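Chemist: coords please:
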Amino acid sequence: MAKSATPAPTRAAKTRRAPAAKPASKPVIVESDVTSAEDEATFALRSLQQAHANNKRYEANADELLKFYEQMVLIRRFEEKAGQLYGLGLIGGFCHLYIGQEAVAVGLQSALNEGHDSVITGYRDHGHMLAYGIDPKVIMAELTGRAAGISRGKGGSMHMFSTEHKFYGGHGIVGAQVPLGTGLAFAHKYRGDGGVCLAYFGDGASNQGQVYEAFNMASLWKLPIIFVIENNGYAMGTAVKRGSAETHFYRRGTAFRIPGMDVNGMDVLEVRQAAEVALEYVRAGNGPVLMELNTYRYRGHSMSDPAKYRSREEVQEMRDKHDAIELVKQDLLKAGVTEERIKEIDKKTRQIVAEAADFAESSPEPDMAELYTDVLVETY
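Modeler: Numbering: from 1, shown residues only. This next block holds a predicted model:
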């Protein structure tokens with residue numbers, strides 16, 4: 001049987017290899033002493049953080065340290081008393097305590113021109129009012145819904161307000177105070193009064209869309225505002241890392257050309273020094289600054305929150321190793337202030353808070369006619 005002839009492969013049928021790709025040429029790096037405008041702008045965004053890193057803590061004298069300590073202890077004792085009154089049913093509705101975060105409000109607001117610069121915050125607002133020098137009696141009366149309260153008993157814990165002191169709330173809507181604060185900054189610039197607005201909000205509110213709209217407007221118009229993120233680690237019961245893709249909140253303003261600062265919010269002297277840097281920048285007409293104050297709250301989100309989302313060990317470690325009041329107390333002792341002087345301040349503060357609670361409990365409730373006042377603002 002004849003073998004079937006297998007045709008020899010033709011040249012065209014042979015498998016051809018593709019020519020080897022030429023190695024990619026290395027990018028040419030051109031060294032230049034000329035910095036581009038973009039590089040300069042990027043550097044400007046980093047410059048405040050660098051200035052803060054170069055000089056972390058405010059050089060306070062003994063009198064200033066005592067003032068910081070007095071204010072922080074007043075906030076701590078006031079909030080503890082508020083928690084007790086809430087437990088007794090004398091404070092209704094929600095009540096968000098500031099225990100643990102005292103260094104933020106005291107450090108920042110001690111650098112402001114009281115009664116000239118404006119302050120606005122969310123619903124955790126008692127500490128900010130106390131840090132601005134507002135009478136503890138009228139704050140406690142407001143908490144208990146009395147006519148002698150700073151908002152005539154109608155604002156309660158979450159909605160305190162005082163145009164006299166340039167304190168514009170106390171807001172229950174998460175993040176709403178940020179665009180309102182931007183409006184306050186616009187008013188400062190429009191009037192040319194040289195004032196600056198300090199707008200506080202939390203790590204949870206940082207994810208609100210209205211916050212970024214406000215960032216854009218404030219940067220575009222170079223408004224005199226400092227956006228302050230009080231990062232206490234938890235948005236209600238959700239840990240920061242579970243709710244935010246970018247957990248370095250001071251970077252959140254980069255897209256809007258807003259320089260950011262990363263600050264230890266448990267050290268009142270570091271907070272005060274950072275405030276000095278930020279205020280100098282803003283008062284010079286450069287536009288807004290974004291500050292992240294890393295702090296911690298010892299209680300739950302509100303009085304109704306058992307805070308089961310974190311361990312007791314975590315809270316205790318913060319109290320033992322990072323407490324803001326204990327830190328400034330050590331600074332006082334190093335400055336030569338005696339233990340006896342510190343104890344006198346503690347005793348005096350407890351008396352002030354006790355008197356504020358007595359004043360609130362003995363004050364009458366608002367008249368029914370108050371239901372119809374302050375619905376619309378006629379004069380401002």
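Chemist: quick one: buried residues of stretch 70-81?
Modeler: If you call a residue buried by 16 or more other Cβ atoms under 10 Å, then stretch 70-81 has these buried ones: 70-79, 81. For the C-beta atoms, the positions are set from N, CA and C on the backbone; glycine is no exception.
Chemist: meant to ask about stretch 348-363
Modeler: With burial defined by 16+ other Cβ under 10 Å, the residues of stretch 348-363 counted as buried are 349, 352-353, 356-357, 359-360, 363.
Chemist: And the buried residues of stretch 70-81, which is closest to residue 319?
Modeler: The nearest member of the buried residues of stretch 70-81 to residue 319, counting by Cβ to Cβ, is residue 76 at 11.6 Å.
Chemist: Point out the ones among the buried residues of stretch 70-81 that are inside strands.
Modeler: Among these, the subset assigned to strands under DSSP state E is empty.
Chemist: any chance of the residues you listed in a markdown table, plus distance to residue 304 and pLDDT?
Modeler: Converted to a markdown table, those look like this (distance: Cβ to Cβ, whole Å; pLDDT from 0 to 100):
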| residue | distance to residue 304 | pLDDT |
| --- | --- | --- |
| 70 | 31 | 97 |
| 71 | 28 | 98 |
| 72 | 26 | 98 |
| 73 | 26 | 98 |
| 74 | 25 | 98 |
| 75 | 21 | 98 |
| 76 | 21 | 97 |
| 77 | 22 | 98 |
| 78 | 20 | 97 |
| 79 | 15 | 97 |
| 81 | 18 | 97 |
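Chemist: now, which of those sits nearest residue 94?
Modeler: Of all the buried residues of stretch 70-81, residue 94 sits closest to residue 79, with 14.1 Å by Cβ to Cβ.
Chemist: still on that earlier bit, of the buried residues of stretch 70-81, which belong to helices?
Modeler: Judged by DSSP state H, the buried residues of stretch 70-81 include 70-79, 81 as members of helices.
Chemist: Take those residues and lay them out in CSV including distance to residue 313.
Modeler: Supplementary listing: these in CSV, determined by distance: Cβ to Cβ, whole Å:
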residue, distance to residue 313
70, 31
71, 30
72, 25
73, 26
74, 29
75, 25
76, 22
77, 25
78, 27
79, 23
81, 27
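Chemist: ok, those residues vs residue 165, which is closest?
Modeler: Compare each of those with residue 165 using Cβ to Cβ and the shortest gap goes to residue 71, at 14.9 Å.
Chemist: where does the spatially closest residue to that closest one that is not a sequence neighbour land on pLDDT?
Modeler: If the residues on either side of it in the chain are set aside, residue 71 comes closest to residue 106, at 4.7 Å by Cβ to Cβ, 6 or more residues apart in numbering. The score at residue 106 is 98. That number is its pLDDT.
Chemist: Quick check: residue 106 vs residue 268, distance?
Modeler: To residue 268, residue 106 is 6 Å away according to Cβ to Cβ, to the nearest Å.
Chemist: Ok, residue 118 next?
Modeler: From residue 118 to residue 268 the distance is 22 Å (Cβ to Cβ).
Chemist: what about these two, which has more around it?
Modeler: Each of residue 118 and residue 268 has its neighbours counted (other Cβ atoms under 10 Å); residue 268 has more, 31 against 23.
Chemist: Can you tell me the SS state at the closest residue to that one other than its chain neighbours?
Modeler: Ranked by Cβ to Cβ, 6+ apart and with sequence neighbours excluded, the top spatial neighbour of residue 268 is residue 103, at 4.0 Å. Three-state call for residue 103 (DSSP: H, G, I helix; E, B strand; the rest coil): helix.
Chemist: show me what contacts residue 103?
Modeler: Residue 103 makes contact with 72, 265-268, 271, 295, 324, 327-328 under the criterion Cβ atoms under 8 Å, 6 or more residues apart in numbering.
Chemist: Quick check, pLDDT for residue 31.
Modeler: 45.
Chemist: quick one: the strands in this protein?
Modeler: The residue ranges that make up the strands of the chain, judged by DSSP E, are 118-120, 197-202, 225-231, 234-235, 238-239, 260-264, 289-294.
Chemist: Just give the strands next to the longest one in its sheet, each with its orientation.
Modeler: Pointing back at strand 225-231 there. Sheet pairing of strand 225-231 (DSSP bridges) gives strand 197-202 (parallel), strand 289-294 (parallel).
Chemist: Perfect, that will be all.
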